[in-house]
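A.B. asks: how would this look folded up:
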Amino acid sequence: MKQFILVLCGLPASGKSALADAIQKAMNYEVEIVRTDDWRDDEYYTNWMPEKEKPVRQKAIERVKKLVAEGKSIIHDDTNYYTSMRHELFDVAIGNRCGFGIIHVSTSVTTALQWNKERKNSPIPDSVIEDIFERFDNPGRRYLWDNAELEVDMETQELSVVVPEILDILETLEPAIKPEPLLVSSNEFNELDTKTRLIVSEFLQKHPELRGSRKVSIIRRGVLYSAIERRIPLKDVSEILVDELNKLL
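C.D. replies: Numbers count the residues shown, from 1 in each chain. Just a heads-up that it's a prediction; the model follows:
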């Protein structure tokens, strides 16, 4: 398997660490997990504020850089709730010509709050989870490089199903490269992105058995790329995406 950086993002107590552990075990421990929680303690969450994140994240980034330079593959286990946080890791992948992927752990805030209460170790203050929820930048909302390879709801999806799919994703990751500038304006991109997400959401409501399927996200991304490159009108984009999604049935 090629070297990679796999970025997990999601709310605190959403199941990211359990997912990271399961991936590492499935890979016979041939991947390193870098957890920002290794630099946090109970005091850290007293009067938590986003500014406290920077020094912790910097230590984790330095650890990632060191391990990647040694040829190791990395799972970065953190909330990574801002696009800029994920971009730091994307830059490391570009600089080392290794694969880059994002897994969005989309477990709901309600479930995360409940699981947080059930933690064996000291729970995080609910206000921290709620604050991060309010600030969360969902992957793929602004940039094509930031699209999640897979969304995983740890409440409803089984690790025995999700982990093999992630291993397949890791086999196909290409070395990260600096993205080309968008060929459309930010407003045009946002309109296309919002419309394609809405179509996918409506499609999955009708076909819930395809929730979490990587094929759905690949199709949406492919249609979005094509629309940007070929300047396809929004109406035609909708028709193309619906036709492509229906091929999964």
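A.B. asks: how is this protein carved up into domains?
C.D. replies: Using automatic domain parsing, the domains assigned to the chain come out as 4-172, 186-246.
A.B. asks: Can you tell me which of the ones you listed is most buried?
C.D. replies: Most buried of those by mean neighbour count (mean count of other C-beta atoms under 10 Å) is domain 4-172; its value is a mean of 17. Any C-beta I mention is one placed from the backbone N, CA and C, and that applies to glycine too.
A.B. asks: how about the strands of this structure, start to end?
C.D. replies: Along the chain, the stretches classed as strands by DSSP state E are 4-10, 32-35, 74-77, 99-105, 150-152.
A.B. asks: Quick check: which ranges of the chain have low pLDDT?
C.D. replies: 41-50, 180-184 (pLDDT under 70).
A.B. asks: can you redo the domains of the chain as CSV with distance to residue 179?
C.D. replies: Shown next, in CSV, are the domains of the chain (distance: least, C-beta to C-beta, whole Å):
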stretch, distance to residue 179
domain 4-172, 5
domain 186-246, 11
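A.B. asks: Thought residue 158 was touching residue 18, still the case?
C.D. replies: No: judged on C-beta atoms under 8 Å, residue 18 makes no contact with residue 158 at a distance of 11.8 Å.
A.B. asks: one step back: CSV please, covering the strands of the chain and showing distance to residue 139.
C.D. replies: Listed next are the strands of the chain as CSV, based on distance: least, C-beta to C-beta, whole Å:
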stretch, distance to residue 139
strand 4-10, 6
strand 32-35, 19
strand 74-77, 13
strand 99-105, 5
strand 150-152, 9
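A.B. asks: Now do the helices in this structure.
C.D. replies: Counting by DSSP state H, the chain has helices at residues 16-26, 53-69, 83-96, 109-117, 126-135, 159-172, 186-206, 214-230, 234-246.
A.B. asks: on that earlier part again, indicate which one of the strands of the chain is closest to residue 178.
C.D. replies: Residue 178 sits nearest to strand 99-105 of all the strands of the chain, at 11.6 Å, using C-beta to C-beta.
A.B. asks: Quick one: work out the angle between the closest one and helix 16-26.
C.D. replies: Angle, strand 99-105 to helix 16-26, by axes from the mean of the first three to the mean of the last three C-alpha atoms, to 10 degrees: 130 degrees.
A.B. asks: Report the angle between strand 99-105 and helix 109-117.
C.D. replies: Using the same axes, to 10 degrees, one finds that strand 99-105 and helix 109-117 are set 90 degrees apart in direction.
A.B. asks: could you say what helices and strands strand 99-105 packs with?
C.D. replies: The helices and strands touching strand 99-105, judged by 3 or more C-beta pairs under 8 Å, 6 or more residues apart in numbering; DSSP states H and E, are strand 4-10, helix 16-26, helix 83-96, strand 150-152, helix 159-172.
A.B. asks: What separation is there between residue 194 and residue 141?
C.D. replies: Noted for residue 194: a distance of 9 Å to residue 141, by C-beta to C-beta, to the nearest Å.
A.B. asks: typed the wrong thing, it's residue 97
C.D. replies: Counting by C-beta to C-beta, the gap from residue 97 to residue 141 is 27 Å.
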